[in-house]
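> Take a look and give me a structure for this.
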Amino acid sequence: MTPGEEELLEPDLRKALEAILLVVSEPVEPNTLAQVLEAPTEAVTATLQALRAEYVDQGRGFVLREAGGGWRLYTDPGAALYVERFVAHGRSTRLSQAALETLAIVAYKQPVTRAQISEIRGVDADGAVRSLVGRGLITELGRQAVPGQPLLYGTSPTFLERLGLTDIGELPVLPALSPSGPLPAEPAPGTYKTARRELDALSAGAGADDDDEVDRAS
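Model prediction:
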């Protein structure tokens, strides 16, 4: 294909890419787009990158982002408040605290079994695992080579896409949670409420540290 022919194809290529990206529900790989549009993968990738920059320069309410190995249109983070208000009028799709904890364990410990998740959380995780599988956020990766061969779980491409990640390695690094000093003594009978308040205060401090870590990572 000559340079002249590429220039003639570019407007149609941009139009076709925008039309496809408006109807997809998950990121689409450049190779797939190239095959459908019968265009070189390099030209498709270059056009996607140009569209991404164009949307940012124009201050549009949507952005084109590369995530999960493909490309997809998303709402602009700057309009998140308005989108949240709109969504709040419909059915809530927020994950429960148990599901969020389970999802974090799977994300950082994968591949991991249900028993291992339950051991880390200290409670049965079967319900949370079923919920996350149903939402497509985690998936079965195989079976562990131990007696009983329990299922192993890991995050799915949908998880990467929802978080705007290209690879699981882009997750924030976990802070060190090991206590630097000796473990506190077991609370005396009748003082567990005080110990619980102290634990909550420590958890709040750890949460603030997590926020700082995320801010630095961003």
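> Now do residue 42 against residue 34, distance only.
Distance check for residue 42 against residue 34: by CB to CB, to the nearest Å, it reads 9 Å. C-beta: built from backbone N, CA, C; applies to glycine.
> With residue 107 instead?
31 Å.
> Nearest residue to the middle of the protein?
residue 163 (2.7 Å; CA atoms, centre = their mean).
> where does this protein have low pLDDT?
1-9, 87-93, 177-193, 195-196, 199-200, 202-218 (pLDDT under 70).
> what about the strands in the chain?
62-67, 70-75, 138-143, 151-155 (DSSP state E).
> Need those in a markdown table (columns: mean neighbour count).
Output for the strands of the chain, formatted as a markdown table (neighbours: other CB atoms under 10 Å):
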| stretch | mean neighbour count |
| --- | --- |
| strand 62-67 | 18 |
| strand 70-75 | 18 |
| strand 138-143 | 16 |
| strand 151-155 | 20 |
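> and the ones you listed as CSV, adding distance to residue 125?
Shown next, in CSV, are those (distance: least, CB to CB, whole Å):
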stretch, distance to residue 125
strand 62-67, 27
strand 70-75, 30
strand 138-143, 11
strand 151-155, 10
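> which one of these lies closest to residue 28?
strand 70-75 (4.6 Å; CB to CB).
> if we can go back for a sec, please identify which of residue 42 and residue 34 sits among more neighbours.
Taking neighbours as other CB atoms under 10 Å, residue 42 and residue 34 compare with residue 34 leading, 17 against 11.
> count of neighbours near residue 11?
Neighbours of residue 11 using other CB under 10 Å come to 9.
> Would you quantify the distance from it to residue 84?
36 Å.
> Return the residue spatially closest to residue 52, with its sequence-adjacent residues excluded.
residue 64 (4.2 Å; CB to CB, 6 or more residues apart in numbering).
> I figured the one you found was touching residue 71, is that so?
Yes: counting by CB atoms under 8 Å, residue 71 is a contact partner of residue 64 at 6.3 Å.
> which residues do these two both contact?
Both residue 64 and residue 71 are contacted by 21, 48, under the criterion CB atoms under 8 Å, 6 or more residues apart in numbering.
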